[in-house]
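J.: Starting from these lines, generate the structure:
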Amino acid sequence: MSSFRKRSLTVFITFSAILYIRTGFAQKSPSEYVDLFIGTAGDHGQLDPAASVPFGMVKPGPDTDPINHSGYDYLATKVIGFSINRIGGTGCKGAGGNLRIRPALSKDDSSFAIDKTTEKASPGYYTITFSDSKIKAEITATNSLAWQRFTFPKSGEVWIHVNVNSSFEKLVNSTWKKSSSRSLSGYFEAGNVCNKGKYKQFYNLTFDREIVDIQPENGILKLKFQTDSVLNVQTSISPISSEYASEQAKIELQNLTFAQIREAAAKEWDSYLSKVKLKGKEESKTLFYTFLYRSLLTPVKTSGSDGKYQGTDGKVHTLKTEQYNGWSMWDTYRNKFPLISFLYPEKHKAFAFSIIRMYKEGKKDWATDNEPVPTVRTEHSQLVLLDAYQKGLLSKTDLEEVFPYLVTEADSILQKSPDQKLEAACDFRSISVIAGIIGNKKEETRFLARSAEYQSIYKTKFAQMDKWSDIMHGDGLYEGTRWQYRWALPFDVPQMLELLGGKEKFTQQLEQFFDSSLYSAGNEPDIHVPYLFNYSSKPWLTQKWLNRIQNQEFDNRYGTHAKWKKPVIRKIFQATPEGLLPEMDDDDGTMAAWYVWSSMGLYPVRILEQVYEIGLPLFEEIKIKLQGGKTFQIKTKGLSEKSFYIKKLTLNGQPYNSRQIEAGLILKGGKLEIEYGEE
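T.: Residues are numbered from 1 along each chain as shown. Modelled structure (predicted):
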């Protein structure tokens, strides 16, 4: 290296260091902080390192042996191939896992072992090398196309094994045909999560070499090629047809190279993740941007560039905007969609209109038999619509249009178990609010009354705790105990205080709940409970317990279906493959969104209102980009592991005397300053 280049490099490094010291903001891009292996080991999140663009329909990634919920287990030492779709952290077997492709040196090559040291992943990219065959696999993606590039250790004869019958859930049907000398086409139809409903997609598999031979064996097509060591495979998918899949792929590719597509995916991720800039600890930034990434994978764009999409009625429709599908509303309505509406309002608007169209096309609580992509459940969708209206993204007319469908759905809600009655009450209250907005007094009154019906069973099952109250699935509860479900009234916090005997008794019971290690950090029914201290006579305990949950080892005693005999004592969120607690499903971004909200020092407990709880930020400074070029800044002073109690709040330089802040105040732009102390 020349002396001039050495001096230039030294000056650059010195300048970068000074800039970092002065600003406190790292020079890495947000996407460089994303660690796609966090939460991918065993049952610690059910996540995967698949390549994807934000809200992308294809998610090509590795399927391991043993296979896991979304196809991948970090602890596995074998990769059986690379499938093109999945939906992460949803329980059961997940959904997707179709068109699994594996490179091979021969027709009967079964060398699945991988060289773990070669495995790398970043937003929009994944790579691994097989240890025996020395074949290097690389993957990137656009919205509807998976691009797999295989580099072989030799030129000449090589093979690609295509499993047209692969699927995480039940395969209903699949077809294939050789559509040209370099391509295959067909469709696959498979069960959604927990085999509730099904989806169907057409595909077009294109190679950059001619197919020399095809030998089908038990649903696996063994394709022979002659190559100069590199073979590119492009798999385009569409719910409409193979021809449409190919057309959309050409539009998205625009003759770009593999490297350019990979770079475009990373840039698109940076455009989303850079909505929030952070000053603080590097590990916290890694977790923040990784979990923000996880919050932006679904729903997925199912419409083409010309607006065509397949509806849940099985018919092809055309519109001037975009259509999205692939939902997990049972969990994500709580915090993920409020996060998206807060940071990405235009995207949330598209989601809201997609939901309205789904209602018109025959939406069900679970998936229909005509879904265009892997999906889970869509109950509580009206909460997403209400949030969109309250943020000015839907009009009164939009709500009037969908309201009859909401009423029909609400009148058929199951209320067999106590937890179902609590969740139904939340739905009824939201529909009452919507009815009031559109001026339907009759339904406003009817659903307001229905939303109060839970109180009788609440008094029976939840107001008083006994020795039976700490039993998982007790009284038919879905995933939790009576202790955990008793707080599941985020739509009616004042009434909950009254039902539990007033503020002082409410405070005492909250303290007992946490002091006795009854809180389950790994499941949704009580994840908002630390913020309920804001409504107690000891609001500072919100910060105490958030500090324990976010920063320290925590006494965790509950799995999804049982209380553990031996507690798991560890930090709940870690920047490791075991990054979430055992059995702590990410649930399609719900747990990820909890971390994102909480590390910003905000949380949407009262989900029918545009108000956020003030909690415990993990950063010295947080800058949130808003619409219209505005910025909201959260600055902390005196914050440490020992100093975490709020001493003073100021908003735009003026004293602020509330533990809640309205979304409208934030969206105007400004600065919230929080001073902390040890008492």
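
J.: Name the spans of this structure whose pLDDT lies under the cut-off.
T.: 1-26 (pLDDT under 70).

J.: so residue 531 touches residue 615, yeah?
T.: Yes: Residue 531 lies in contact with residue 615 (CB atoms under 8 Å); the separation is 6.2 Å. Where C-beta positions appear, they are placed from N, C-alpha and C, glycine not excepted.

J.: Mind listing the shared neighbours of these two?
T.: 542, 603 (CB atoms under 8 Å, 6 or more residues apart in numbering).

J.: Strands of the stretch 501-650 of the chain, residue ranges please.
T.: In the stretch 501-650 of the chain, the strands defined using DSSP state E, counting those that start in this stretch lie at 554-558, 563-570, 602-603, 611-614, 621-625, 631-637, 645-651.

J.: Mind splitting this structure into its structural domains?
T.: By the assignment in automatic domain parsing, the chain contains the domains 1-30, 31-272.

J.: and of those, who's closest to residue 621?
T.: domain 1-30 (6.8 Å; CB to CB).

J.: thinking again about what came up before, out of the domains of the chain, flag the one nearest residue 454.
T.: Closest among the domains of the chain, once you apply CB to CB, is domain 31-272, at 25.6 Å.

J.: can you give me the end-to-end distance of the closest one?
T.: 9 Å (CA to CA, to the nearest Å).

J.: chain center to that domain: distance?
T.: 20 Å (CA atoms, centre = their mean, to the nearest Å).

J.: Pull the contacting residues for residue 485.
T.: Residue 485 touches 418, 419, 422, 462, 477, 525, 526, counting by CB under 8 Å, 6+ apart.

J.: hmm, 7 Å instead?
T.: 418, 419, 422, 462, 477, 525 (CB atoms under 7 Å, 6 or more residues apart in numbering).

J.: now residue 342
T.: Residue 342 neighbours (CB under 7 Å, 6+ apart): residue 663.

J.: Against residue 176, how distant is it?
T.: Here residue 342 is placed at a distance of 44 Å from residue 176 (CB to CB, to the nearest Å).

J.: mind checking which helix or strand the nearest residue to residue 432 once chain neighbours are set aside is in?
T.: Distance criterion CB to CB, 6 or more residues apart in numbering; nearest residue to residue 432, sequence neighbours excluded, is residue 447 at 3.8 Å. Secondary structure from DSSP states H and E places residue 447 in helix 441-451.

J.: Mind checking what secondary structure the closest residue in space to residue 607 that isn't next to it in sequence has?
T.: Spatially, and ignoring its direct neighbours in sequence, residue 607 is nearest to residue 490 (5.2 Å; CB to CB, 6+ apart). Classification of residue 490 using DSSP: H, G, I helix; E, B strand; the rest coil returns coil.

J.: Residue 490 reaches residue 606, doesn't it?
T.: Yes: using CB atoms under 7 Å, residue 490 is in contact with residue 606, at 6.0 Å.

J.: hmm, back to that, phi and psi next, for the residue nearest to residue 607.
T.: Torsion angles at residue 490 (phi, psi; degrees, to the nearest 10) stand at phi -70, psi -10.

J.: who touches the most centrally placed residue in the chain in this structure?
T.: Nearest to the mean C-alpha position of the chain, by CA atoms, centre = their mean, lies residue 589 at 2.4 Å. Contacts for residue 589 (CB under 7 Å, 6+ apart) come out as 294, 295, 297, 298, 332, 336.

J.: One more: residue 623?
T.: 277, 631, 633 are the contacts of residue 623 under CB under 7 Å, 6+ apart.

J.: top of the residues you listed by neighbour count?
T.: Counting neighbours by other CB atoms under 10 Å, residue 277 comes out on top of the contacts of residue 623 with 19 neighbours.

J.: Neighbours of residue 216, how many?
T.: With other CB under 10 Å as criterion, residue 216 counts 12.

J.: which stretch of helix or strand covers it?
T.: strand 213-217.

J.: and the angle from whatever helix or strand comes next after that strand to strand 213-217?
T.: Sequence order places strand 220-227 as the next helix or strand after strand 213-217, per DSSP H and E. Interaxial angle of strand 220-227 relative to strand 213-217 (axes from the mean of the first three to the mean of the last three CA atoms, to 10 degrees): 160 degrees.

J.: For residue 602, which non-adjacent residue is spatially closest?
T.: residue 612 (4.2 Å).

J.: Quick one: classify residue 432 as helix, strand or coil.
T.: Residue 432 ends up helix, using three-state DSSP.

J.: That one: neighbouring residues, count only.
T.: The tally of other residues near residue 432 (other CB under 10 Å) stands at 23.

J.: where's it relative to residue 443, distance?
T.: 7 Å.

J.: got it, and residue 555?
T.: In terms of CB to CB, residue 555 sits 46 Å off from residue 443.

J.: Between those two, which is the more surrounded one?
T.: Between residue 555 and residue 443, counted using other CB under 10 Å, the more crowded position is residue 443 (19 against 14).

J.: next helix or strand past whichever strand or helix holds residue 293?
T.: When elements are assigned from DSSP H and E, residue 293 belongs to helix 282-294. Using DSSP H and E, the helix or strand that follows helix 282-294 in sequence is strand 300-301.

J.: mind listing what that next one pairs with, with the direction of each?
T.: Paired strands of strand 300-301, with direction, are strand 324-325 (antiparallel) (DSSP bridges).

J.: Skip ahead from the strand it pairs with and say which helix or strand is next.
T.: Following strand 324-325 toward the C-terminus (DSSP H and E): helix 329-332.

J.: and the next helix or strand after that next one, how far from the chain's centre?
T.: With elements assigned by DSSP H and E, the helix or strand that comes after helix 329-332 is helix 336-343. Chain-centre distance of helix 336-343: 11 Å, with CA atoms, centre = their mean.
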